[in-house]
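# Make a model of this:
(2 chains)
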Amino acid sequence: MSDETLISARGLSLRFGTIPALVDVEIDLWPGEMLAIVGESGSGKTSLLNVLSGRLAPDAGAVWYRDPVGQLHDVHAMPAPALRTLHRSDWGFVHQDPRQNLRMNVSAGGNVGERLMARGARHYGDIRAQAIDWLVQVEIDADRIDDLPRTFSGGMLQRLQIARTLVTHPRLVFMDEPTGGLDVSVQARLLDLIRGLVTRLGIAVVLVTHDIAVARLLAHRIAVMQRGRVVETGLTDQVLDDPQHPYTQLLVSSVLNA
Amino acid sequence: MKGYNFAYLDEQTKRMIRRALLKAVAIPGHQVPFGSREMPLPYGWGTGGIQVTAAVLGASDVLKVIDQGADDTTNAVSIRRFFARTAGVRTTTVTTEATVIQTRHRIPETQLRENQIIVYQVPQPEPLYRLEPSRIETRRMHALSDYGLMHVKLYEDIARYGQISISYDYPVLVNQRYLMSPSPIPAFDNPKMHMMPALQLFGAGREKRIYAIPPWTEVRSLDFEDHPFRAINAPHPCGLCGATDSYLDEVITDDRGGRMFVCSDTDHCSERQVAGHVGADGWREAAQ
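This is a model prediction of the structure:
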């Protein structure tokens, strides 16, 4: 692992009225690393994800992103076109509800191809070949390529969303509860798929989850949040097996077999 | 005409429209908002085009108005007469004589010149409106030239029908920057917009938008490398003048399946007939 971070946040603060969503948060992520952000509902996990990805401006602090040539960019000071370019090539975002990200009236192939076309791909045959390749990688039958997503099951929709996000080979993917709302056997398969793809492609992931089992399965490192603060960070196994902060202890002890 | 200003609109309104036009010409393909006025004709009949024409018309101009290529349809006749009365300008049906041409749904077959202006009537200026319902989002997409969505539509067409199925209002990219609706002209006419010597102005009255293509500007129809843009036309010669290179209308002639294909551009067709070209239906008529 190189000593240069992919994304670093320093002193992030954000308030919604009187409610502190983020209080002086510092986060570092190295290339190819999976970082899980855990905590209960309302602890600021999703706010942190939105601020890291530039979708929400913090009240104070900065997010630094290192591009492939090694140059640092302040995500919130970037011009909007540059940020959008980043979001549709180098970065990806996987929502809890795939319907937020997918175009439900566009075929599976069109959904996977959109990011390629937005990046300038103009060869129909190539786009289609890549779409088929990605559908197979996320275990969707290639002959479903022209079907509309509304004919897909919940697990398939989530896998389609992952294919759509990873097709441009992003370096960094933000995931917001990617397994939420799925039944347990589908969850297990999806987690397996995500772990396989991310490891093989060397993608860095910021994963928001309230499910400690998901964090243990996927993440290298873990950050525990409570009321907008990061109360404990460290290697996943270390934090979960030997929690130091009282809140983390509570969190771990409240889950069976975590 | 007594009681009216020259070309109907008051001078302040014309200045406002001209300011919008100048901005539109400066940013080819960009939609500029303007304070569209109530005009004495319903929305959808050319309120945008008629305001742009009124704003650019001068006393020495010669006006031609076409509707679906024809000079003699209701809309064309009415708008031509409107400006003949309110501006007293000379009108014509001959493309080469006109200095200002207001059009609905066609570009004349005759190549336009540098000292001509063509004004398009536009019902829907936003090329992305069927794909993205939010105007805030489409404006952001234009600002960031984020046009992947339009290509997704083309991709879907090929995946479903084996070809791009848009036959009119075929989206174009102007000056390698802005995605633009060419107004509901047939895709057949799209190549005429590319590097056109004449100034092209677009007015959408109900939607309150003006946009423009300056002379000699690059206008590309969107396509894929392996599915290039192609102009669609009926595979027939014109029944009256025998032209094979002009856009054709299908005309039903009786209730027993009889039909003929004729040039949609009436001026082009009649000029060819005067020059001695006769099509199959023309010969049959002469024989009878």
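# Can you verify my assumption that residue B:109 contacts residue B:270?
No. Residue B:109 lies out of contact with residue B:270 (CB atoms under 8 Å); the separation is 11.7 Å. For the C-beta atoms, the positions are set from N, CA and C on the backbone; glycine is no exception.
# more crowded one of those two?
Neighbour count, other CB atoms under 10 Å in any protein chain shown: between residue B:109 and residue B:270, residue B:109 has more, with 21 against 16.
# How much space separates that one from residue B:268?
Remark: distance between residue B:109 and residue B:268 (CB to CB, to the nearest Å) = 4 Å.
# intersection of neighbour lists for the two?
Common neighbours of residue B:109 and residue B:268, using CB atoms under 8 Å, 6 or more residues apart in numbering or on different chains, are B:95, B:243, B:246.
# And the strands in the chain?
No chain was given, so I picked chain A. Remark: strands assigned in chain A by DSSP state E are A:7-16, A:19-29, A:34-38, A:60-66, A:72-74, A:91-94, A:172-176, A:204-209, A:221-226, A:229-235.
# switch to chain B, that's the one I care about
Applying DSSP E to chain B gives strands spanning B:32-33, B:62-67, B:90-91, B:100-104, B:117-121, B:172-174, B:178-180, B:199-204, B:209-213, B:219-221, B:248-252, B:259-263.
# Please dump these into a markdown table; it should also carry distance to residue A:172 and mean neighbour count for every row.
What follows is those, written out as a markdown table (distance: least, CB to CB, whole Å; neighbours: other CB atoms under 10 Å in any protein chain shown):
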| stretch | distance to residue A:172 | mean neighbour count |
| --- | --- | --- |
| strand B:32-33 | 38 | 15 |
| strand B:62-67 | 55 | 24 |
| strand B:90-91 | 63 | 17 |
| strand B:100-104 | 50 | 25 |
| strand B:117-121 | 45 | 26 |
| strand B:172-174 | 30 | 22 |
| strand B:178-180 | 29 | 22 |
| strand B:199-204 | 42 | 27 |
| strand B:209-213 | 38 | 28 |
| strand B:219-221 | 34 | 19 |
| strand B:248-252 | 55 | 15 |
| strand B:259-263 | 58 | 20 |
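# sorry, back to before: out of the strands of chain A, nearest to residue B:123?
Among the strands of chain A, the nearest to residue B:123 by CB to CB is strand A:91-94 (36.0 Å).
# Can you list the helices and strands that the closest one packs against?
Packed against strand A:91-94 by the contact rule (3 or more CB pairs under 8 Å, 6 or more residues apart in numbering or on different chains; DSSP states H and E) you find helix A:154-166, strand A:172-176.
# And for residue B:16, nearest residue in space, chain neighbours not counted?
Ranked by CB to CB, 6 or more residues apart in numbering or on different chains and with sequence neighbours excluded, the top spatial neighbour of residue B:16 is residue B:35, at 5.7 Å.
# Go ahead and confirm the one you found touches residue B:210.
No. Counting by CB under 8 Å, residue B:35 does not reach residue B:210; the two are 10.5 Å apart.
# Could you list the residues of the stretch 101-250 of chain A in contact with chain B?
By CB under 8 Å from any CB of the partner chain, the residues of the stretch 101-250 of chain A that approach chain B are A:103, A:106-107, A:109-110, A:113-115, A:117-119, A:122-125, A:127-128, A:145-146.
# and the strands of chain A as TSV, adding mean pLDDT?
Formatted as TSV, the strands of chain A follow (pLDDT from 0 to 100):
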stretch	mean pLDDT
strand A:7-16	94
strand A:19-29	93
strand A:34-38	94
strand A:60-66	94
strand A:72-74	93
strand A:91-94	94
strand A:172-176	94
strand A:204-209	94
strand A:221-226	94
strand A:229-235	93
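# The ones you listed into a markdown table, with extra columns for distance to residue A:83 and mean neighbour count?
Shown next, in a markdown table, are those (distance: least, CB to CB, whole Å; neighbours: other CB under 10 Å):
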| stretch | distance to residue A:83 | mean neighbour count |
| --- | --- | --- |
| strand A:7-16 | 13 | 18 |
| strand A:19-29 | 18 | 19 |
| strand A:34-38 | 21 | 26 |
| strand A:60-66 | 10 | 18 |
| strand A:72-74 | 9 | 13 |
| strand A:91-94 | 9 | 22 |
| strand A:172-176 | 13 | 24 |
| strand A:204-209 | 16 | 24 |
| strand A:221-226 | 24 | 24 |
| strand A:229-235 | 24 | 18 |
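# and of these, who's closest to residue B:59?
Of all the strands of chain A, the one in closest proximity to residue B:59, counting by CB to CB, is strand A:72-74 (57.7 Å).
# Output the set of residues of chain B in proximity to chain A.
Counting by CB under 8 Å from any CB, chain B sits next to chain A at B:143-149, B:151-152, B:155-156, B:158-160, B:223-227.
# buried subset of the residues you listed?
Among these, those buried by neighbour count (16 or more other CB atoms under 10 Å in any protein chain shown) are B:144, B:146-149, B:151-152, B:155-156, B:158-159, B:223-224, B:227.
# Find me whatever residue is spatially closest to whatever residue of the stretch 51-200 of chain B ends up closest to chain A, sequence neighbours aside.
Here the residue of the stretch 51-200 of chain B nearest chain A is residue B:148; by CB to the nearest CB that distance is 2.8 Å. Computed as CB to CB, 6+ apart, the closest residue to residue B:148 that is not its neighbour in sequence is residue A:118, at 2.8 Å.
# I'd like to know how many residues surround the one you found.
By other CB under 10 Å, neighbour count at residue A:118 equals 22.
# Need the pLDDT of the single nearest residue of chain A relative to chain B.
Taking CB to the nearest CB as the measure, the point where chain A comes nearest chain B is residue A:118, at 2.8 Å. Note on residue A:118: pLDDT of 90.
# For stretch B:130-147, which outside residues touch it?
Residues outside stretch B:130-147 that contact it (CB under 8 Å, 6+ apart): A:80-81, A:84, A:88, A:118, B:30-31, B:126, B:128-129, B:149-150, B:152-153, B:173, B:177-179, B:222.
# thought residue A:66 was touching residue A:28?
No. Look at residue A:66 against residue A:28 with CB under 8 Å: they stay out of range, at 11.1 Å.
# shared neighbours of these two, anything?
Common neighbours of residue A:66 and residue A:28 (criterion: CB under 8 Å, 6+ apart): A:5, A:7.
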